[in-house]
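In: what's the 3D shape of this:
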Amino acid sequence: MQYTHLGRSGLKVSRLCLGTMNFGPQTEEADAHSIMDSALDSGINFFDTANVYGGTGHRGWTEEIIGRWFAQGGERRERTVLATKLYGTMTERPNESKLSALNIRRALDASLKRLQTDYIDVYQFHHIDRDTPWDEIWQAIEVAVQQGKILYSGSSNFAGWHIAQAQEAARRRNYTGLVSEQSIYNLFRREVELEVIPSAQQYGLGLIPWSPLQGGLLGGVLKKQEQGVRRTEGRALETLKKHQDQIQQYEDFADELGHAPGDVALAWLLHQPAVTAPIVGPRTQSQLDAAIRALDVTLDADALKRLDDIFPGYRPAPED
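Out: Next up is the predicted model:
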């Protein structure tokens, strides 16, 4: 396994991050525990979750599953860099969502209880809160740091100017601010190259891309359909129909390289200088094994150019 620092922090994390959103609704607890054990054994030390994961009927379910895994001992907690998030609505009560000081305090304590741990390594804002001032947010986070409940802060789904706003507010308080940003980023979805990535790089944030395979569209979807392994539905089917020629070019190029399409998509992200660790969210052990394979895929300059030709990206704004 390869490791790197999370942004400008001294925290070392694996080049792949284990996403846990499927644990509970899609993956049974025993299988989730087995996947997490396997991830640790492979050297993946960076796990991402959120307080809302588990579905509308059981928000917090995923954190509970992770907590019971930690409780098995074997230094599972000590070997894990744990990232979770707050922002989403946990109940219908008016103060149990977003980033007020009150919700930060309550949501953090509730996550710690579900996760059966006394601290969170990276506490992330799942979305920008346009109604709460940054001084309030940072004061609540500073208190949590002083209490030893969190070590670092991160953002998710922020615009570039949100990152700048957060970091400048933190600077005025002589506080570290954000160390990471979690955004959708893959060959298909490259909008963050306009402003989010330049902002993250300017302020020293590590980028943690989610949906690296764009819901499976970059994972060999056409070949799987031909083999009867996968049936695409809903919005993914509409996107597939619209971009079928593009996806076919991509899968053909992956064949030329001698790699599975999903491996190429993850490897492309790992070749991007701003990226710390793509989030892989396996439902099964075989999906985790496939993600780990991507670490051994090297793409030369010609291969990277060909991928840019198939999936054109962006230059930083405003030059783009």
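
In: ok, which stretches of the stretch 201-320 of the chain are strands?
Out: Using DSSP state E, counting those that start in this stretch, the strands assigned to the stretch 201-320 of the chain run over residues 206-210, 279-280.

In: what does the shortest one contact?
Out: By Cβ atoms under 8 Å, 6 or more residues apart in numbering, the list of residues contacting strand 279-280 from outside reads 16-19, 48, 182, 208-212, 266, 287-288, 291. Yep, even glycine has a C-beta here, placed from its N, CA and C like the rest.

In: by mean pLDDT, point me to the weakest helix or strand of the chain.
Out: Here the helix or strand of the chain ranked lowest by mean pLDDT, DSSP states H and E is helix 234-242, holding a mean of 83.

In: convert it to CSV, retaining C-alpha atoms only.
Out: Coordinates of each C-alpha in helix 234-242 appear next as CSV, following Å, rounded to 0.1, in the frame of the first residue of the first chain:
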residue,chain,number,x,y,z
GLY,A,234,-32.9,5.0,-14.1
ARG,A,235,-30.7,8.0,-14.6
ALA,A,236,-27.7,5.8,-15.1
LEU,A,237,-29.4,4.2,-18.1
GLU,A,238,-30.2,7.6,-19.5
THR,A,239,-26.6,8.7,-19.1
LEU,A,240,-25.4,5.5,-20.7
LYS,A,241,-27.6,5.9,-23.7
LYS,A,242,-26.4,9.5,-24.2
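
In: now do the buried residues in that helix.
Out: The neighbour-count check on helix 234-242 (16 or more other Cβ atoms under 10 Å) flags 239-240 as buried.

In: which residues make contact with it from outside it?
Out: Under Cβ under 8 Å, 6+ apart, the answer for helix 234-242 is 215-217, 221-222, 232, 247.

In: rerun that using 7 Å as the cut-off
Out: The contact list for helix 234-242, computed with Cβ atoms under 7 Å, 6 or more residues apart in numbering, reads 215-217, 221, 232, 247.

In: how many neighbours does residue 113 have?
Out: Number of residues near residue 113 (other Cβ atoms under 10 Å) recorded here: 13.

In: ok, back up a step: inside helices: which ones of the contacts of strand 279-280?
Out: Per DSSP state H, helices hold the following members of the contacts of strand 279-280: 266, 287-288, 291.

In: any chance of these in JSON lines, plus distance to residue 139 and neighbour count?
Out: Output for the ones in helices among the contacts of strand 279-280, formatted as JSON lines (distance: Cβ to Cβ, whole Å; neighbours: other Cβ atoms under 10 Å):
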{"residue": "266", "distance to residue 139": "38", "neighbour count": "29"}
{"residue": "287", "distance to residue 139": "41", "neighbour count": "17"}
{"residue": "288", "distance to residue 139": "39", "neighbour count": "21"}
{"residue": "291", "distance to residue 139": "38", "neighbour count": "25"}
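
In: point out the least confident member of the contacts of helix 234-242, please.
Out: Sorting these by pLDDT puts residue 232 at the bottom of the list (72).

In: if we can go back for a sec, including mean pLDDT, mean neighbour count and distance to residue 91, could the strands of the stretch 201-320 of the chain go into CSV?
Out: Rendered in CSV, the data for these read as follows (pLDDT from 0 to 100; neighbours: other Cβ atoms under 10 Å; distance: least, Cβ to Cβ, whole Å):
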stretch, mean pLDDT, mean neighbour count, distance to residue 91
strand 206-210, 98, 24, 25
strand 279-280, 98, 23, 27
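
In: where does the prediction get shaky in this structure?
Out: In the predicted model of the chain, residues 230-231, 233 satisfy pLDDT under 70.

In: now the helices for it?
Out: Secondary structure of the chain (DSSP H): helices at 29-42, 61-70, 101-115, 134-146, 160-172, 196-203, 221-226, 234-242, 244-257, 261-270, 285-293, 301-310.

In: most tightly packed of the ones you listed?
Out: helix 261-270 (a mean of 24; mean count of other Cβ atoms under 10 Å).

In: can you list the residues that contact it?
Out: So helix 261-270 is contacted by 15, 185-187, 209, 212-213, 218-220, 250-251, 254, 257, 275, 278, 290-291, 293-294, 297, 299, 307 (Cβ under 7 Å, 6+ apart).
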